[in-house]
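Peer 1: what's the 3D shape of this:
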Amino acid sequence: MALVWRLRRRTVLLLPLLGVALFPPEAGSSFSHSLRYFCTSVSEPGEGLPQFIAVGYLDNQVICRYDSNCRRSSAQAPWMEKADAQFWNTETEIMQFKEEEVREHLTTLMHHYNQSEGFHTLQVMYGCELRGDRSKGGYYQYAYDGRDFISLDKETLTWVAADVQSQILKRRWDANPLIADFTKAYLEETCIEWLKKNLDNGKETLLRSEPPVGKVTRRAVGGGNEVLICQAHGFYPKEIETTWRKGEEILEHETFRRNIAPNYDGTYHTWLSIEIDPKERDLYLCHMDHVSLPEPLVLAFKEPGDNIIFIVGATSGILATLMLVSGLVFFIQKRQTKLKKWPEICQYPGDSKIPRVSSVGSDCSTKPLHPEDDGYSSSESNQNSTKELLA
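Peer 2: Numbers count the residues shown, from 1 in each chain. So this is what the prediction gives:
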């Protein structure tokens, strides 16, 4: 599967296209979780750009970081701090080995390409996935100077070369089958084990579910037609199934979709549109199915003015209620002025448990009894982005 690899002098960006193993086509019907790493080695490091840098992601959230300057893996998510010292020591050892390995490969490739100097890069992307049906996925890929270079075919345990120069490395690695065997074992066993462990540490964040908020809008297009746009935002996890329907018919071929994208708060948003004849507008419905919903959310387009009557009615009701409350308060205050004595509960200075009756206007120097005085306390409720690490 093709990847987009972009590298700048000061900033490293690794942007895989949707469709790789981490995002299976059946996503939406069940949970899937992934653990993946992006590693980059450069021939000419500079200020703000280490010679080697690696970032780990769990379900698209940054969880750890390593670079050649500090030479130690560190937590990048609060819940990753739950991991013990042995975990971080092992993670650091793996990344130190990976740093040396990738730098050696970069030097070798520069020699093969007759590039003794200049700015060159070698990038590695690998990871594993645990799908909702308990099946496993994984991949291991290299890119040189922003182009696909070589990758592992996990089924045949062979390496797939992307160009003539990568054939040299392919023949060398294929001649040593232990390299492919070890890589497959890591992706299907060790990586999955770490994925489960990290999920357990971050389950309050990663295993939560937040329902989508949806709405349908429209805009006119040429030929007298219009486009209906169905938007869903604020949902988590990422998997969601959205469709346009006309009656019972699912209009997949007529639908234009936008890729699911992250929000700043860790949730996601997406939209889908369809071009229709305005005369048939009422026949089209947008369906959203998400794990957080007890049943699919079904939306139709409504003119902005459809809610005016409701809003006016609600406003009138609120005003009437306020007038009634004001009248009652006035009545009670007027009634109280006619009473010369009104009981009030006070505390004795020496005994907070004994109530005392006094009169309004008397010198009651102690405060009225409150539930807190008897040992009671009121309860308070407490209430957690995708950090973009490489910028």
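Peer 1: any idea which helix or strand carries the most centrally placed residue in the chain?
Peer 2: Against the mean C-alpha coordinate of the chain, by Cα atoms, centre = their mean, the closest residue is residue 266 at 3.5 Å. Counting by DSSP states H and E, there is no helix or strand that carries residue 266.
Peer 1: where does residue 187 land in three-state SS?
Peer 2: helix (DSSP: H, G, I helix; E, B strand; the rest coil).
Peer 1: For the nearest residue to it once chain neighbours are set aside, which residues count as its bridge partners?
Peer 2: Once flanking residues are discounted, residue 187 sits nearest to residue 138: 3.2 Å by Cβ to Cβ, 6 or more residues apart in numbering. C-beta coordinates here come from the backbone N, C-alpha and C atoms, glycine included. Note on residue 138: beta-bridge partners by DSSP bridges are residue 128.
Peer 1: and if you look at residue 41?
Peer 2: Beta bridges link residue 41 to residue 52, residue 122 when assigned by DSSP bridges.
Peer 1: and what of the one 5 residues further on?
Peer 2: According to DSSP bridges, the residues that bridge with residue 46 are residue 49.
Peer 1: Now for it, how many residues are close by?
Peer 2: Neighbourhood size, residue 46 [other Cβ atoms under 10 Å]: 11.
Peer 1: can you check residue 247 too?
Peer 2: Number of residues near residue 247 (other Cβ under 10 Å) recorded here: 9.
Peer 1: let's number from 54 now, not from 1
Peer 2: Yep, numbering from 54; the last one is residue 300 now.
Peer 1: Quickly note the distance from it to residue 338.
Peer 2: 9 Å (Cβ to Cβ, to the nearest Å).
Peer 1: just to revisit the earlier point, so the residue nearest to the centre of the chain sits against residue 288, correct?
Peer 2: No - contact between residue 319 and residue 288 fails when scored by Cβ atoms under 8 Å: they sit 10.9 Å apart.
Peer 1: What ranges in the chain fall below the confidence cut-off?
Peer 2: Low-confidence segments of the chain (pLDDT under 70): 54-83, 358-444.
Peer 1: do that again at 50, thanks
Peer 2: For the chain, applying pLDDT under 50 flags the ranges 54-82, 360-369, 378, 381-385, 387-444.
Peer 1: what about the closest residue to residue 261 other than its chain neighbours, distance to residue 267?
Peer 2: Using Cβ to Cβ, 6+ apart and skipping the chain neighbours, the partner closest in space to residue 261 is residue 289 (6.4 Å). Distance from residue 289 to residue 267, counting by Cβ to Cβ: 15 Å.
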